[in-house]
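*Asks:* structure for the following, please:
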Amino acid sequence: MKTAAYVGVALAAVLAAACSPEKKESQTDQAKTSASADFQKNLLKQLISAQPGDVIELPAGKFHLNRSLSLNVDGVTIRGAGMDKTILSFKDQIQGAEGLLVSASDFTIEDLAIEDTIGDALKVNEGENIIIRNIRVEWTNGPSTENGAYGIYPVQTKNTLVEGTVAIGASDAGIYVGQSRNVIVRNNRAEFNVAGIEIENTIGADVYDNVATNNTGGILVFNMPNLPQPGHSTRVYNNKVFENNTENFGHEGTPVAAVPAGSGVVINSNDNVEIFNNEISNNDTANVIVSSYYMAGYYSDKSTQEAFDPYPEGIYIYGNEFTGGGTSPDHLELKALKLAKFGLSGSLPDILWDGVVDKNKMVDGQVPEALKLCIDNGDAGIINVDASNDFKNISTDIAPHKCSLKKLPQIVLDFDQPADAEDEVAKVEAADA
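*Replies:* The predicted structure is shown next:
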């Protein structure tokens with residue numbers, strides 16, 4: 001009887017161990033791993049065999065992928081169940097750089113998240129009619145130089161809409177549109193990136209109704225040399241750009257690594273830029289920075305093509321609400337400038353300008369009206385650091401900037417119009433007739 005009892009107790013112990021939380025957890029992990037492997041296999045198959053007009057529906061769940069995804073077929077939609085419901089995690093990625101690389105036109109991706117990629121999260125290359133909507137890209141470990149460079153990254157595209165997205169933790173730019181034409185970036189949130197939103201070498205962009213906070217720089221409009229096209233004509237409006245004071249964690253030698261922590265909106269070497277009707281506040285270096293390529297911190301004669309125009313021209317700042325800012329600028333030179341001009345408890349003005357202009361374009365010693373930095377923004381102040389003259393005549397005189405420029409046209413995307421827009425236009429035309 002004792003032997004039987006002992007065997008019974010031992011058997012019960014074995015069964016209990018088999019059903020312990022640790023065992024159940026292990027079985028659960030195995031099931032999740034198997035589900036992720038099946039999901040990845042099926043998704044790769046769908047992407048490879050996709051045909052124009054296909055809609056690839058992704059279910060809710062967190063799926064762990066270990067290799068990059070790619071799509072090369074026009075006219076495909078990828079749709080999840082929501083940016084917090086369908087999560088593609090690349091934390092265990094062992095192959096490829098991007099999370100998803102798309103080289104196609106008429107492409108839509110919406111309602112999913114891409115996390116912890118080795119490199120860029122979502123890259124769209126050389127496509128037309130691109131919609132990126134309600135996507136979250138995130139590096140879940142927080143700001144780190146080891147994170148991927150770009151979150152949402154359409155480059156060399158035409159007719160592109162980025163809306164309703166969230167970008168967190170990119171070591172370069174959370175939301176970046178480069179070398180593109182006809183772009184709308186709206187209703188997005190960028191946080192804890194080096195650059196929150198960056199428009200680079202792009203012709204015709206509207207950036208509005210976004211939130212950029214806790215980045216190193218909130219919204220950047222840049223022109224870089226040695227790229228296929230120079231950018232111009234960007235409107236930045238109705239955005240909330242505040243407390244972008246995160247220490248710069250960009251890779252040394254990259255352009256964004258030179259952006260001072262505490263930068264709200266930064267214009268570098270770009271032309272015909274409007275900044276208006278934004279709420280810009282508490283960016284510790286300056287709420288707005290306007291600079292030439294020469295003062296960007298990464299200038300090199302050897303790397304600059306001869307035709308590159310390094311001067312920001314035709315910049316119009318008006319109707320913004322500025323609060324705080326400039327109280328604790330990054331970089332020793334700016335700290336010293338603040339202390340010397342405004343005292344220990346003072347702050348730099350809302351607009352910081354390097355004062356560099358193209359002397360070859362001056363007429364009778366003056367910059368032509370169309371090329372000026374114009375400010376019509378209530379009591380907002382400016383500091384011209386006079387960089388081209390070795391900082392000899394630093395000035396806070398806003399009088400030379402009391403001017404206005406011709407306003408830029410609205411960006412229109414054909415696929416972004418209301419269904420009854422054509423009917424409304426027809427009614428207006430009929431009434432005018």
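*Asks:* now the end-to-end length of stretch 340-347.
*Replies:* This stretch, stretch 340-347, spans 11 Å end to end (CA to CA, to the nearest Å).
*Asks:* quick one: the helices in the protein, in order.
*Replies:* 2-18, 21-49, 332-342, 421-432 (DSSP state H).
*Asks:* low-confidence stretches in the chain?
*Replies:* For the chain, applying pLDDT under 70 flags the ranges 1-34, 296-305, 419-433.
*Asks:* can you rerun that using 80?
*Replies:* For the chain, the stretches with pLDDT under 80 are 1-35, 295-307, 418-433.
*Asks:* longest strand in it, please.
*Replies:* Longest strand of the chain, by residue count under DSSP state E: strand 128-138.
*Asks:* buried residues, that strand. List them.
*Replies:* By neighbour count on 16 or more other CB atoms under 10 Å, the buried set for strand 128-138 is 128-138. Using the backbone N, CA and C atoms, a C-beta is placed for each residue, glycine as well.
*Asks:* pairing partners for it, with directions?
*Replies:* Using DSSP bridges, the strands paired with strand 128-138 are strand 107-115 (parallel), strand 158-163 (parallel), strand 166-168 (parallel).
*Asks:* winner for burial among those?
*Replies:* Burial among the strands paired with strand 128-138, expressed as mean neighbours by mean count of other CB atoms under 10 Å, is greatest for strand 166-168, which shows a mean of 25.
*Asks:* so how far is that one off the chain centroid?
*Replies:* Relative to its parent chain, strand 166-168 has a centroid offset of 8 Å by CA atoms, centre = their mean, to the nearest Å.
*Asks:* and the contacts of it?
*Replies:* The list of residues contacting strand 166-168 from outside it, by CB atoms under 8 Å, 6 or more residues apart in numbering, reads 83, 135-139, 151-152, 174-175, 188-193, 196.
*Asks:* and which of the buried residues of strand 128-138 is nearest residue 45?
*Replies:* Using CB to CB, the shortest approach to residue 45 within the buried residues of strand 128-138 belongs to residue 135, at 22.3 Å.
*Asks:* do I have it right that that closest one meets residue 110?
*Replies:* Yes: look at residue 135 against residue 110 with CB atoms under 8 Å: they come within range, at 6.8 Å.
*Asks:* pairing partners for residue 288 in the sheet, please.
*Replies:* Using DSSP bridges, the beta-bridge partners of residue 288 come out as residue 265, residue 351.
*Asks:* report the contact partners of it.
*Replies:* Listed by CB under 8 Å, 6+ apart, the contact partners of residue 288 are 264-267, 275, 280, 317, 320, 350-352.
*Asks:* follow-up on the earlier one: okay if I get the strands paired with strand 128-138 as CSV plus distance to residue 88?
*Replies:* Shown next, in CSV, are those (distance: least, CB to CB, whole Å):
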stretch, distance to residue 88
strand 107-115, 5
strand 158-163, 18
strand 166-168, 14
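*Asks:* to residue 416, which of these lies closest?
*Replies:* Closest to residue 416 of the strands paired with strand 128-138 is strand 158-163 (CB to CB; 5.9 Å).
*Asks:* who's in contact with the nearest residue to residue 393 once chain neighbours are set aside?
*Replies:* Leaving aside its chain neighbours, residue 393 sits nearest to residue 386 (4.6 Å; criterion: CB to CB, 6 or more residues apart in numbering). Contact criterion CB under 8 Å, 6+ apart gives 355, 392-395 as the residues in contact with residue 386.
*Asks:* looking at those residues, which is nearest residue 59?
*Replies:* Proximity of the contacts of residue 386 to residue 59 was ranked by CB to CB; the top entry is residue 355 with 56.1 Å.
*Asks:* the closest one contacts residue 392, correct?
*Replies:* No: assessed by CB under 8 Å, residue 355 is found out of contact with residue 392, at 10.5 Å.
*Asks:* more neighbours, the two?
*Replies:* In this comparison of residue 355 against residue 392, neighbours counted by other CB atoms under 10 Å, the higher total goes to residue 355 at 22 against 7.
*Asks:* what does the more buried one show for phi and psi?
*Replies:* Dihedral angles phi and psi of residue 355 (degrees, to the nearest 10) take the values phi 80, psi 10.
*Asks:* that one and residue 295: what is the separation?
*Replies:* Residue 355 is 9 Å from residue 295, where distance means CB to CB, to the nearest Å.
*Asks:* where do the contact lists of the two overlap?
*Replies:* Residues within reach of residue 355 and of residue 295 at once, by CB under 8 Å, 6+ apart, are residue 387.
*Asks:* follow-up on the earlier one: of the contacts of strand 166-168, which belong to strands?
*Replies:* Using DSSP E, 135-138, 151-152, 174-175, 189-191, 196 are the members of the contacts of strand 166-168 that sit in strands.
*Asks:* for residue 320, which non-adjacent residue is closest in space?
*Replies:* Excluding its sequence neighbours, the residue lying closest to residue 320 (CB to CB, 6+ apart) is residue 278, at 4.8 Å.
*Asks:* next up, the contacts around the one you found.
*Replies:* With contacts taken as CB under 8 Å, 6+ apart, residue 278 has the following neighbours: 236-241, 265, 320-321.
*Asks:* quick one, what contacts residue 135?
*Replies:* By CB under 8 Å, 6+ apart, the residues touching residue 135 are 83, 109-114, 122, 152, 164-166.
*Asks:* TSV for those, including distance to residue 258?
*Replies:* Rendered in TSV, the data for these read as follows (distance: CB to CB, whole Å):
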residue	distance to residue 258
83	32
109	32
110	34
111	36
112	33
113	30
114	28
122	25
152	22
164	31
165	26
166	26
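*Asks:* now, which of the residues you listed sits nearest residue 98?
*Replies:* Of all the contacts of residue 135, residue 122 has the smallest distance to residue 98: 7.4 Å, by CB to CB.
*Asks:* ok, how many other residues are close to residue 164?
*Replies:* Other residues within reach of residue 164, judged by other CB under 10 Å, total 17.
*Asks:* correct me, but it touches residue 187?
*Replies:* Yes: contact criterion CB under 8 Å: residue 164 and residue 187 qualify, at 5.1 Å.
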